[in-house]
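>>> 3D model of this:
(chains A and B)
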Amino acid sequence: MVLSLVMFTGASQFAFVGVAAAGGSPLAAVSASLLLGVRNAFYGVPLSEILHPRGLARLWTAHFVIDETTAMAVSQATRRAQRYAFWATGLILFSLWQLGSLSGALIGRAVVPSDVGLDAAAPAVFLALLWPFLRRREARWVALGGAVVALALVPVAPPGIPVVAAATVALVAGLRPSRRGSEDQLEDRDIT
Amino acid sequence: MALLIAAVGSYLLKLAGVSLPESILNHPKVQRVAELLPIAMLSALVAVELFDGGGRYAVDWRALAGVAAGVGALLLRRGFLVVFVVAISVTALLRLVT
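Here you go, the predicted model:
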């Protein structure tokens, strides 16, 4: 409940709870949720241009930086529509998120989770979050690699560590020299 | 305590995004790693949730079938909520009849 108020970023929340519930150490739970939150920092680049947050406004603008607000904001045509989309999406989702967490907390007390199939909920939710990324071929390889690394570590590493270790797959894949070197250079030139 | 650190950390990452100079975050390598991070980790979470029975491999075929039904919903381009409901209903139903 409180987690939803202070940590408004679903995937990280789910990861934290998932790792902690599996008996992972606090450190593993924290690392898993923070590594999943890294992408939010990169949403700041297009959003800063759109919103121009200054001084203290930055502090509360930042809390609403998530996948959905970024996607809605950058897809609008005019600056005004972009700002409106960011704040409207942010506030609506934030309210619904809190309502959802509250009802979840109340229902959770009344039922046995596995009776109502809730043990399938976590993997299904993670999969649904992952799905839109998988359109690119490279992403599918990285997803496969992450799953393989994590599963390989299950019998040997303490709980939670397999998930954190999967981050190395992203690191290796991301830092590997690009096979399409010329294409990358072209992009660099466009930016400068 | 860990919860607090995770919450503050998640927030600081977002704050960094709207505060840091663009040149750091616009570095192509940095961006690629950040793009791939959630992909590797979400996929790892799916795998671990399904096949980790507390330090050894274990799978509950009913949960697996539920998630498979969820994949069906994803293939039909259904939204998040539908996937969730389909997955838990199939699992709960199978558990009821077996």
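>>> Which helix runs longest in chain B?
helix B:28-51 (DSSP state H).
>>> Going by neighbour count, list what's buried in that helix.
Neighbour-count burial for helix B:28-51 flags B:30, B:32-51 (criterion: 16 or more other Cβ atoms under 10 Å in any protein chain shown). Glycine gets a C-beta too; all of them are placed from N, C-alpha and C.
>>> for the closest residue to residue A:74 other than its chain neighbours, what are its contacts?
With sequence-adjacent residues excluded and distances taken as Cβ to Cβ, 6 or more residues apart in numbering or on different chains, residue A:74 is closest to residue A:46, at 5.2 Å. Listed by Cβ atoms under 8 Å, 6 or more residues apart in numbering or on different chains, the contact partners of residue A:46 are A:70, A:73-74.
>>> before we move on, what about residue A:159?
By Cβ under 8 Å, 6+ apart, the contact list for residue A:159 reads A:19, A:22-25, A:28, B:52, B:54-55.
>>> quick one, phi/psi of it?
Torsion angles at residue A:159 (phi, psi; degrees, to the nearest 10) stand at phi -50, psi 140.
>>> Name the spans of chain A whose pLDDT lies under the cut-off.
For chain A, the stretches with pLDDT under 70 are A:1-2, A:178-192.
>>> Of all residues in it, which one is closest to chain B?
residue A:44 (2.2 Å; Cβ to the nearest Cβ).
>>> Do I have it right that that residue meets residue B:25?
Yes. Using Cβ atoms under 8 Å, residue A:44 is in contact with residue B:25, at 6.8 Å.
>>> Give me the more crowded residue out of the two.
For residue A:44 and residue B:25, the more surrounded residue by other Cβ atoms under 10 Å in any protein chain shown is residue A:44, and the numbers stand at 26 against 18.
>>> give me the number of residues near residue B:26?
Applying the criterion other Cβ under 10 Å, we find 12 residues in the vicinity of residue B:26.
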